[in-house]
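S.K.: 3D, please:
(chains A and B)
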There are 2 protein chains.
Amino acid sequence: MGRMIGLLQVDPTVGDLTGNAKRLEQLSHLASKNGADVAVTTELAISGYPPRDLLLQDEFIRLAQQTAISLNVPLPVLVGTPIEAKTERQLPGNGVVRAGNKDAVSKDGSSHILARKQLLPSYDVFDEARYFQPDTRSGIARTIAQLDLGVTVCEDAWQAAGLTPSTYSADPIEHLAEWGRQGVQLDATVNLSASPYHADKLSSRIHVCRTAARILNHPFLLANQVGGNDDLLFDGNSLVAWPDGRVVVAPAWQEGVLLVDIDDSENCRWVASETQGALCIGSDQIRHVSPDDKGHEYDKDLLEDLTDAVVTGLSDYCRKSGISSIVLGLSGGIDSAVAACVAAAAVGPENVTGIAMPSRHSSQHSIDDARHTAQALGIHFDMIPIDSFHLSVEESIGEVLSNGHPVASENLQSRLRGLLVMAHANAQGHMAIATGNKSELAQGYCTLYGDMAGGYTPLGDLYKMQVYGLADMFNTRAERDGRIQPVNESTRTKPPSAELAPDQKDEDSLPPYDVLDGILHAHIEEGLDAQAIAEKGFDRGMVVEVLTRLEHSEHKRWQMSPAPRVSSRAFGQGWRRPLASRHDWRH
Amino acid sequence: MGRMIGLLQVDPTVGDLTGNAKRLEQLSHLASKNGADVAVTTELAISGYPPRDLLLQDEFIRLAQQTAISLNVPLPVLVGTPIEAKTERQLPGNGVVRAGNKDAVSKDGSSHILARKQLLPSYDVFDEARYFQPDTRSGIARTIAQLDLGVTVCEDAWQAAGLTPSTYSADPIEHLAEWGRQGVQLDATVNLSASPYHADKLSSRIHVCRTAARILNHPFLLANQVGGNDDLLFDGNSLVAWPDGRVVVAPAWQEGVLLVDIDDSENCRWVASETQGALCIGSDQIRHVSPDDKGHEYDKDLLEDLTDAVVTGLSDYCRKSGISSIVLGLSGGIDSAVAACVAAAAVGPENVTGIAMPSRHSSQHSIDDARHTAQALGIHFDMIPIDSFHLSVEESIGEVLSNGHPVASENLQSRLRGLLVMAHANAQGHMAIATGNKSELAQGYCTLYGDMAGGYTPLGDLYKMQVYGLADMFNTRAERDGRIQPVNESTRTKPPSAELAPDQKDEDSLPPYDVLDGILHAHIEEGLDAQAIAEKGFDRGMVVEVLTRLEHSEHKRWQMSPAPRVSSRAFGQGWRRPLASRHDWRH
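M.R.: All right, here's what the predicted structure looks like:
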């Protein structure tokens, strides 16, 4: 019997202190029952990550910390929680307290505080300098259940691996290593994380843990949050690395406990949560990564993973918002077909309604393909032709339209559909979802208050070609389960069209999607400018057109509902760009 | 002839390096022509504030810095600009370079760098830890045009006055004072600011400058940005304080130069910008504040100021976005009447179209009052009854509606109106504006994609009672100018109603607006919880209802278009709150 640490991979709801406490208590009992000596939660597990401006309320911090310390658990647990500020004009800490040690409760709870986060990320989706005071001690270690543990929180471990965009003035891993060189021997170092997902993130996280384990010369354990909170997804994939490069990774998109025998990587186990309603999507297998593997071998599972990610995002958004049913427009095109697949997987097909809303510009195949998807998925299907409304509105404002820009009449159709979908949503208590993808949203090729209407945009951070990928994956899964493929050949192969004008095709306005996606990826994810993108072999004029449309459609994205973050940058450098001030300084 | 410093109060457009450079050159010439020895711009004047994620592009930083150094100006100018990072893994600086000294140009421009900001605010609307590396030197002073000047940037001066929410580890004002005690005599200290507006901000800024002047024992000069960039407004009000407490304040909402004779407060002058299209709203008088005044005496002008602020916000948003005309729905109610007044003042009445869209629930006075406002303002007026569309949509989805929540049919009307307004906007190239106010938006008493549709929400940060205040102000101004009052008695006094159901009144669903505003203000602006608000004398049950609706309507505000920030907190602690995770931890 080795020395066993349980990593509690939890899916907390931001702000739900009571519910999160219950989830952590259940996982702690599971860890204890399965032989753990000590357990470790994820970062800010008690409040959920990211609590954002809830952290500006002192009373919230106080209650969170109190709840964390008072967890009813049968073993010592290192709990991630906001920690009250030391003085009135300081900020709170992003810290770790000890639960499960009733005898040692001090009156103010201060003796339970084990650590505060030292490096506060303030880039990309992170904003921690806004909320927290960093700890400036040179390394933090604690003896718990006879184990001597280094204690770090998320970013604390990333500086050593060189994976932060700018350099911090301290390196907590190096500090702990210095202790080792001075003769302080630790059994392991733990890391409480809320490390968001994007499609190639796991290999980075493996690199971080391996680097830390090598520098520290002892096992490095990272407990990572799982599930979705608004637009942020967390994949779980909690892991442990040994100094020789061996790694064991927990499943993604599942709640449970990774039991780590720090003396024997072969003796690690995954125990899935037994709680009703626990997040449980995808495979429940742990993975052993040998020292020679970079972790990139999981790329072959990328599409499986991406599909699970998108489903998790929508299902968690619904569960955490108290939404149990979904309505969406079904155009017969690839986007709405895949959005319907995601919705059916997220809340169950019996809780999804798809509405076909053909206009005079819709083809018969649009209706047939939409109906096919609905029937194959087993969702409710409704059809409301919009031509009579369209004509009557056009008639009443005929002069305005006929003297104006033709896009007005196109948008009118999209907005009539948005209005009908929202009427269903409001009347029946469904949430409407928007069906747009990242490529068209990036180009403004979408209608505000029309196809952009909805409380959540499940495909909003997927490029068009990735949407096709998800279509294949949903078809493969249907086949695997003996069901009819939801995305038929016609939907899969017809030229994309908004069908808002006669014979309209997306390619009349946009480059072919594989080209468009290439340009957008180069700019948004890789940060390249027009010159550098053209040097990759794209037509320079086309690149400038695409980037100009990207800038000029920012006013639409300002009003976009949350979309699960699955790319490395959600509209990248644009997502916090000014709107009115979108002057292109490059021209 | 004294020693004269020109504070260049500029209205830059974020990202428009060339345009901003031109504005700064024109103001510099004006300063020089009027006797300034040296001029000082606002913070990040060359890029405009806030550049947000433009700052993640190295090439943008490089170009901005180069443009700032190369300004063609006839006197030495301290120019606020982003400054390139010193090394690849550092962040850029928020700094000050010297322009107007052609003889001393070094090859890399580094000899022009005068200062970097030392304190980086990362709270409220500020996010500077995300973008910048702080300077950690103990005080920065420069000799320019034979003047020995302390150089600070915005927040650098706020720590000394105790007006930052948490304490920084350094205090640049104290550092400069320490130099003084060591015998280094400075003539004055300048501060390049982009200090956003809210309705009682000027007295804080006066306090900051007086505190610094007293500590430093020399004049303290603050050049502040003016104008709107998206949802942020800057009021200008550049000012100088002397150690004895005398203060001179430049006009608000105007571009120009405050000429400061540092030896004689009576010899200060305002010279308005002579550039065509320069921001020029409200009074052009400078104000002398005696040492005994706290600056609160300007509260009597609060409504004038608030009105100018809201007009500036919309007019700058339009100009900077290349929008020249506006369309909005005119319901005959107070909000749309005031929104029309703002629009007419912002882009000229000839460029505004108001549309009345009565339904079967609309009263005759709604149409009459809407027409009155349009005629009094001289804007275009159109009327499109929506009853036939409403009936035909209701008929086609009758079953969905009749078995569902009655709010669906109400929202349907609002969305039909949104659709018609947007059709006008798209066809004719107008921007639609949303007419909602902060009180109803805070309660979710508004329709997504309906009355919330539009590119900008001019009243979105004004409580309902403030909207009435603006109505009075627009009426007063009309009377002053010999025009008909745009907001008639009927609009002003009838009970607010959405008119979406028979005999509907806002008070059927909400507390009376004066009570609602009191509760919302206590929570959003003062940060009080339900208990503390009830102790002010509000009914506890009502307080809980209001705060619950505030939380549950966050999903709507996520999709809201920009609204000019005029309250001390734009939805306060809620504006960055999670959506799906809006669990109320207080119950």
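
S.K.: List the contacts of A:Val248.
M.R.: A:Val248 makes contact with A:239-240, A:258, A:260, A:265, A:268, A:286-289, according to C-beta atoms under 8 Å, 6 or more residues apart in numbering or on different chains. All C-beta atoms are positioned from the backbone trio N, CA, C, and that covers glycine.

S.K.: Can you go through these and name the buried ones?
M.R.: Buried by 16 or more other C-beta atoms under 10 Å in any protein chain shown: A:239-240, A:258, A:260, A:265, A:268, A:286-287, A:289, out of the contacts of A:Val248.

S.K.: Out of those residues, list just those in strands.
M.R.: Mapping these onto strands (DSSP state E) picks out A:239-240, A:258, A:260, A:287, A:289.

S.K.: hang on, A:Asp16 packs against A:Pro51?
M.R.: No: counting by C-beta atoms under 8 Å, A:Asp16 stays clear of A:Pro51, with 10.7 Å between them.

S.K.: Look at these two and report which has more neighbours.
M.R.: For A:Asp16 versus A:Pro51, the count of surrounding residues by other C-beta atoms under 10 Å in any protein chain shown is larger for A:Pro51: 26 against 20.

S.K.: Report pLDDT for that one.
M.R.: With respect to pLDDT, A:Pro51 has a value of 92.

S.K.: Same check on A:Glu174?
M.R.: So A:Glu174 comes in at 95 (pLDDT).

S.K.: again, but for A:Ser138
M.R.: We have a pLDDT of 77 for A:Ser138.

S.K.: Excluding chain neighbours, give the residue nearest to it in space.
M.R.: Using C-beta to C-beta, 6 or more residues apart in numbering or on different chains and skipping the chain neighbours, the partner closest in space to A:Ser138 is A:His175 (4.4 Å).

S.K.: about what we covered before: could you restrict the contacts of A:Val248 to the ones contacting chain B?
M.R.: Contacts with chain B within the contacts of A:Val248, counted by C-beta under 8 Å from any C-beta of the partner chain: none were found.

S.K.: could I get the residues you listed as a markdown table with pLDDT and distance to A:Ala45?
M.R.: Conversion of the contacts of A:Val248 to a markdown table gives the following (pLDDT from 0 to 100; distance: C-beta to C-beta, whole Å):
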| residue | pLDDT | distance to A:Ala45 |
| --- | --- | --- |
| A:Leu239 | 98 | 17 |
| A:Val240 | 98 | 18 |
| A:Leu258 | 98 | 14 |
| A:Val260 | 98 | 17 |
| A:Ser265 | 95 | 25 |
| A:Cys268 | 97 | 21 |
| A:Ile286 | 95 | 21 |
| A:Arg287 | 94 | 23 |
| A:His288 | 95 | 26 |
| A:Val289 | 94 | 25 |
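
S.K.: which of the residues you listed lies closest to chain B?
M.R.: A:Leu258 (24.5 Å; C-beta to the nearest C-beta).

S.K.: Quickly list what the closest one is bridged to.
M.R.: For A:Leu258, the beta-bridge partners under DSSP bridges are A:Leu7, A:Trp270.

S.K.: who touches it in this structure?
M.R.: Counting by C-beta under 8 Å, 6+ apart, A:Leu258 touches A:6-7, A:9, A:223, A:238-240, A:248, A:250, A:268-270, A:286.

S.K.: Ok, A:Ile379 next?
M.R.: Residues in contact with A:Ile379 (C-beta under 8 Å, 6+ apart) are A:340, A:343-344, A:349-350, A:352-354.

S.K.: which non-adjacent residue is nearest it?
M.R.: A:Val352 (4.0 Å).

S.K.: swap in A:Glu155?
M.R.: Per C-beta to C-beta, 6+ apart, closest to A:Glu155 is A:Leu119, 4.2 Å.

S.K.: Shouldn't the one you found be within a strand?
M.R.: No: assignment of A:Leu119 by DSSP: H, G, I helix; E, B strand; the rest coil gives coil, placing it outside any strand.

S.K.: From the contacts of A:Ile379, pick the one nearest A:Val184.
M.R.: Of all those, A:Ala343 has the smallest distance to A:Val184: 53.4 Å, by C-beta to C-beta.

S.K.: returning to that earlier point: please report how far the residue nearest to A:Ser138 lies from chain B.
M.R.: 19 Å (C-beta to the nearest C-beta, to the nearest Å).

S.K.: Wasn't that residue part of a strand?
M.R.: No: counting by three-state DSSP, A:His175 is not part of a strand but helix.

S.K.: so how many other residues sit close to it?
M.R.: Other residues lying near A:His175 total 19 when counted by other C-beta under 10 Å.

S.K.: surely it meets A:Ala141?
M.R.: No: using C-beta under 8 Å, A:His175 is not in contact with A:Ala141, being 9.9 Å away.

S.K.: if we can go back for a sec, among the contacts of A:Ile379, which ones are buried?
M.R.: Buried members of these, counted by 16+ other C-beta under 10 Å: A:340, A:343-344, A:349, A:352-354.

S.K.: contacting residues for A:Asp368?
M.R.: By C-beta under 8 Å, 6+ apart, the neighbours of A:Asp368 are A:332, A:490.

S.K.: For the closest residue to chain B within the stretch 101-250 of chain A, which non-adjacent residue is spatially closest?
M.R.: As assessed by C-beta to the nearest C-beta, chain B sits closest to A:Ala129 within the stretch 101-250 of chain A, at 3.6 Å. Among residues not flanking A:Ala129 along the chain, B:Ala129 sits closest, at 3.6 Å (C-beta to C-beta, 6+ apart).

S.K.: A:Thr18 sits in which helix or strand?
M.R.: Applying DSSP states H and E as the criterion places A:Thr18 in helix A:17-33.

S.K.: list the helices and strands that helix packs on?
M.R.: Here helix A:17-33 touches strand A:4-9, strand A:38-40, helix A:58-69, strand A:77-83, strand A:256-261, going by 3 or more C-beta pairs under 8 Å, 6 or more residues apart in numbering or on different chains; DSSP states H and E.
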